[in-house]
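**Student:** Just need the structure, nothing else, for what follows:
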Amino acid sequence: MAVSQSVQPRGSYASLLQALRPTEAQPREHKRRKLGHPNTEDVAEKGSVVEEGSSTVAEESLDGDSKEDAEGLDAEDEDVADVDEQSDDEELADPFQQHLALPTTSEIQAQVDRARDSKATPTSKTVYGDLRRTWMPLGDDPDPTFALRKVADMHLKNRLTTQAPQLLNRLSPTERDIGRSIFSYSDVLLGNRTVGNISNLRDICALHSLNHILKTRDRVLRNTAKLAQNDDGELELRDQGFTRPKVLVVLPTKQSCVRFVDSIVKYSETGQQENKARFLETFSREDTEEWLEKPEDFRELFGGNHEEDFRIGLKFTRKSVKYFSGFYNSDIIICSPLGLFRTISSGASKDGKKAPDADFLSSIEIMIIDHASSLQMQNWQHVDFILDHLNALPKESHGCDFSRVRSWYLDDKAKYLRQTIILSSYLTPEINRLAAKHLHNIAGRVKYTPTYNGVMADVPNMLPIPVSQTFVRFDSRVPVQDSDARFRYFCASVLPQLARDKHSKGILVFVPTYADFTRLRNHLTNSSDSTSVPFGSVSEYTSVKDTTRARSHFLSGRNRVLLYTERAHHHFRYRLKGVRRVIFYGLPENPVFWSELVGLLGINRDLIEGEVAGGRGLVRAMFSKWDALKLERVVGTERVGRMVSERSGDTFDFV
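**Tutor:** Below is the predicted model:
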């Protein structure tokens, strides 16, 4: 409804037009696509990207038909009768209108400047039990009072309200608070994603994304009708971005993609789903029987098709959803970090003359990163790479009608309007750093962090034997030298004891990072003071054959020590037998791993029968003050401050 101010071709806008002018004069080359689906229902639409999970990225096409490259709608979309009518008051109260349609470039820049000069501090409060909500404004703005009590508070399109009441009734008070932050277009950083709440959180994100896409389509249709009725040509309506994709969803596995798509389709209630059979064949898979004995969180992550290289576009029309649409033709792009990294990188030439093609990310307005803690166990640099390429000015026009592009897109301010939602089981320094670097939303940021009781407190109740848990703090001056300080402490204080006690066996050494694992393995192999310690090793890169041999030699006592990485446990959750003592070279990021690894002491018959170590399990963990977030999840929020303090002692025993 609002008409944006006229934008003069200056600054970044002028530079953009200059850069795109020669490109527009060249005819577009239609890229070839791979043919491999003879069935009619499985054939992708003309020009669509073929996403089979194939490793041949060069065979994929990003482009759709040239006439549909930008925000242009298909003929089946162009029905103004399908557009919801809103009163002026309803539209002004709609967060979609407030956040995206009303701000001008000057207003956005003024708010960014205020944020830079502001001395406002985050405000934090406990919401519903042990969850803390921290409001982090981009200026002096107060925490929005937006509530999520009824369906009307979601400001949904009429066609999406059918199933919304059932979702709202399922939400816990905590989930409603998270939902109101999402529907208000604030950035959200959640450190409390669980198997129990992810289904509802996924539905909230899917409904919000779909609502955003349909409202964007509504506005384009309304304004197109107005322009058609305007004869003098002076009416200016800016309602679009450079390219069509508006939502980017980053997920860890193909099966998680299936779950997210199911949520979207459920709320869209579309009658026709093109290429769905092909989608299910490529992305979905039944659980294997061996998974049934795995922990619940493992099954939720790795159940079904757990391939980590994928990307797919979804295109919504008035009556259908199309799977495997070309990226420039899509409304939603769903991908893994690796999948999108390879797609972007494949557009660059080896000689560096052609830059990577990420123009399809230029107009992303909602980004969702689900299971961020698991993505960190893949390659976190790929996530950072994707965010580096979001909302950049495009290098080509892709059929864009610049007279309809919002002013803040033209002036390179899109990153200040993009909403980013990060859902994680826990927060790490890397996730916090990513948020600080890439989240610039003028609507502010909400951070949810739980208060931890500490998983170590559960150990006495889960094991049939008493366990002594000892935490030792070593001195580490700066984070970049933490690895060196940890290695020196281990070699000086832990390793000599292992070498002297030649009769001890069943010692599991848990190593969080592969770099530290390699360093320890090389030292135990080559150092003269440690060659008397026979050991085996299991990492995420160890073959099945070598893993079986290492586990067998550890159980028999042939190898007294077993080095074991966090990523190996994350991907396989081995139940290692023969463990009599656990040494944490570093604390695990995932607190569940502490319970599982210490729990291995409870399946050792010699310990249970009291034949070794007096029937007592021994656990020793090394930490520095830079491990505060990990330590908090293990020992609890109340204890962590005292344990990382320089004024306290450096050894803490819990029996």
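**Student:** OK, contacts around residue 542?
**Tutor:** When contacts are counted by C-beta atoms under 8 Å, 6 or more residues apart in numbering, residue 542 is found next to 550, 568. C-betas here are computed from N, CA, C, even on glycine.
**Student:** On the pLDDT front, check it for me.
**Tutor:** Residue 542 carries a pLDDT value of 97.
**Student:** In terms of helix, strand or coil, where does it fall?
**Tutor:** coil (DSSP: H, G, I helix; E, B strand; the rest coil).
**Student:** Against residue 506, how distant is it?
**Tutor:** Applying C-beta to C-beta, to the nearest Å, the value for residue 542 to residue 506 is 19 Å.
**Student:** Now do the helices in the stretch 401-550 of the chain.
**Tutor:** With helices called from DSSP state H, counting those that start in this stretch, the stretch 401-550 of the chain shows them at 407-410, 429-438, 459-462, 482-489, 495-500, 514-526, 544-556.
**Student:** what does the helix or strand just after the last one contact?
**Tutor:** Right, helix 544-556. Later in the chain than helix 544-556, the nearest helix or strand by DSSP states H and E is strand 561-565. Defining contact as C-beta under 8 Å, 6+ apart, one finds that strand 561-565 is touched by 498, 507-514, 517, 520-521, 524, 533-540, 550-551, 554, 574, 576.
**Student:** For PyMOL, write a command that selects the buried ones of the residues you listed.
**Tutor:** In PyMOL, a selection of the buried entries from those looks like this (16 or more other C-beta atoms under 10 Å):
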select buried, resi 498+507+508+509+510+511+512+517+520+521+524+533+535+536+537+538+539+550+551+554+576
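**Student:** Kindly confirm my reading that residue 126 is in a strand.
**Tutor:** Yes: judged by three-state DSSP, residue 126 forms part of a strand.
**Student:** and it, bridged to which residues?
**Tutor:** Residue 126 has these beta-bridge partners by DSSP bridges: residue 132.
**Student:** Would you mind measuring from it to residue 449?
**Tutor:** From residue 126 over to residue 449 the distance is 10 Å, taken as C-beta to C-beta.
**Student:** shared neighbours of these two, anything?
**Tutor:** residue 132.
**Student:** Please identify which of these two sits among more neighbours.
**Tutor:** Under the criterion of other C-beta atoms under 10 Å, the comparison of residue 126 against residue 449 puts residue 449 first, with 20 against 10.
**Student:** does the more buried one really touch residue 130, like I thought?
**Tutor:** No: counting by C-beta atoms under 8 Å, residue 449 sits too far from residue 130 to count as a contact (9.6 Å).
**Student:** Quick check: which of the helices of the stretch 401-550 of the chain is buried the most?
**Tutor:** helix 407-410 (a mean of 24; mean count of other C-beta atoms under 10 Å).
**Student:** Quick one: distance of it to the chain centre.
**Tutor:** 27 Å (C-alpha atoms, centre = their mean, to the nearest Å).
**Student:** Mean confidence (pLDDT) on it, please.
**Tutor:** 94.
**Student:** Show me what that helix is packed against.
**Tutor:** Helix 407-410 makes packing contacts with helix 11-24, helix 105-117 when contacts are defined by 3 or more C-beta pairs under 8 Å, 6 or more residues apart in numbering; DSSP states H and E.
**Student:** hey, least reliable of the ones you listed by pLDDT?
**Tutor:** Note on the helices and strands packed on helix 407-410: lowest mean pLDDT is at helix 11-24, with a mean of 54.
**Student:** Residue 486 and residue 475: what is the separation?
**Tutor:** 10 Å.
**Student:** Find residues that contact each of the two.
**Tutor:** residue 624.
**Student:** Could you list the low-pLDDT ranges of the stretch 1-150 of the chain?
**Tutor:** Across the stretch 1-150 of the chain, the ranges flagged by pLDDT under 70 are 1-91, 118-120, 139-146.
**Student:** err, the chain, not the other one
**Tutor:** Residue ranges of the chain with pLDDT under 70: 1-91, 118-120, 139-146, 348-354, 530-531, 605-615, 648-649.
**Student:** tell me, what residue is most central in it?
**Tutor:** residue 369 (2.8 Å; C-alpha atoms, centre = their mean).
**Student:** mind checking the end-to-end distance for stretch 479-499?
**Tutor:** With C-alpha to C-alpha, to the nearest Å as the measure, stretch 479-499 spans 29 Å from end to end.
**Student:** Name the residues that touch it?
**Tutor:** Taking C-beta under 8 Å, 6+ apart as the rule, stretch 479-499 contacts 472, 474-477, 504, 507, 513, 515-516, 519-520, 523, 529-530, 532-533, 560-561, 583, 585-586, 620, 622, 624, 626.
**Student:** Which secondary structure element is home to residue 169?
**Tutor:** Assigned by DSSP H and E, residue 169 belongs to helix 164-170.
**Student:** quick one: contacts of that helix?
**Tutor:** By C-beta under 8 Å, 6+ apart, the list of residues contacting helix 164-170 from outside reads 148, 150, 151, 154, 156, 176, 200, 203, 204, 207, 267.
**Student:** Could you rerun that using 7 Å?
**Tutor:** Applying C-beta atoms under 7 Å, 6 or more residues apart in numbering, the external contacts of helix 164-170 come out as 151, 154, 156, 200, 203, 207.
**Student:** ok, now stretch 450-461?
**Tutor:** So stretch 450-461 is contacted by 130-132, 191-192, 467, 469, 591, 594-595, 598, 632-637, 639, 654 (C-beta under 7 Å, 6+ apart).
**Student:** could you redo the last one with a cut-off of 6 Å?
**Tutor:** Residues outside stretch 450-461 that contact it (C-beta atoms under 6 Å, 6 or more residues apart in numbering): 130-131, 192, 467, 469, 591, 594-595, 598, 632-637.
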